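> Give me a 3D structure for the following:
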Amino acid sequence: MLRPEVTIERLHAGQEGKLPGHYGLRVTAVAQGRVDAELEIQPWMHAPNGFLHAATVILLADTAAGYASFAHLPDGAKGFTTIELKSNFLGTAKEGTIRTECVAEHLGRNTQVWSASVFGPEGRRMALFRCTQMVLW
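Okay, the predicted model is just below:
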């Protein structure tokens, strides 16, 4: 169940001075079973080959999954930790905004599973991501 106190503003305030804040990640939606986010590609996010570094794509998807887990923690849970993540890269970009749509696959008492699609500036899917979180009690 979505925790009503978890808002976009609260998530943004919590990332100040942290890695997602340095990347300029912006949450665009928090809803039941879903978190969407985006970031603007900067040249310093490129790999030596001149294309977007895979770590930037993972940061976007993994942060959305983490925020989604936080927003959907069961009553009484103290937090969560990632126990597995996987990414499949289908494309890349050099500039523009990339965005992710992260949706719940499983919201259990002890684990959560989130799937995210990352889309490039032209709206084409550029990565698939899956993350399993362990709920901490």
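> how far does stretch 114-131 stretch from start to finish?
End-to-end distance of stretch 114-131: 5 Å, with Cα to Cα, to the nearest Å as the criterion.
> per-residue confidence averaged over that stretch?
When pLDDT is averaged along stretch 114-131, the result is 98.
> Ok, stretch 11-31 next?
Per-residue scores along stretch 11-31 average to 98.
> If you count neighbours, what's buried in that stretch?
By neighbour count with 16 or more other Cβ atoms under 10 Å, stretch 11-31 contains the buried residues L11, Q15, P20, Y23, L25, R26, V27, V30. Using the backbone N, CA and C atoms, a C-beta is placed for each residue, glycine as well.
> helix/strand/coil for the first one?
Reducing the assignment to helix, strand or coil with DSSP: H, G, I helix; E, B strand; the rest coil, the entry for L11 is helix.
> just checking, it touches A29?
No - with contact defined as Cβ atoms under 8 Å, L11 does not count as touching A29 (10.9 Å).
> Contacts only, for V103.
V103 makes contact with G33, R34, W114, S115, A116, according to Cβ atoms under 8 Å, 6 or more residues apart in numbering.
> Quick check: of the buried residues of stretch 11-31, which lies closest to L52?
Nearest to L52 among these: Y23, at 11.7 Å, using Cβ to Cβ.
> quick one: the helices in this protein?
For the chain, applying DSSP state H gives helices covering 8-14, 19-23, 54-71.
> Just say which of those is most tucked in.
Burial of the helices of the chain is given as mean neighbour count (mean count of other Cβ atoms under 10 Å); helix 54-71 ranks first at a mean of 23.
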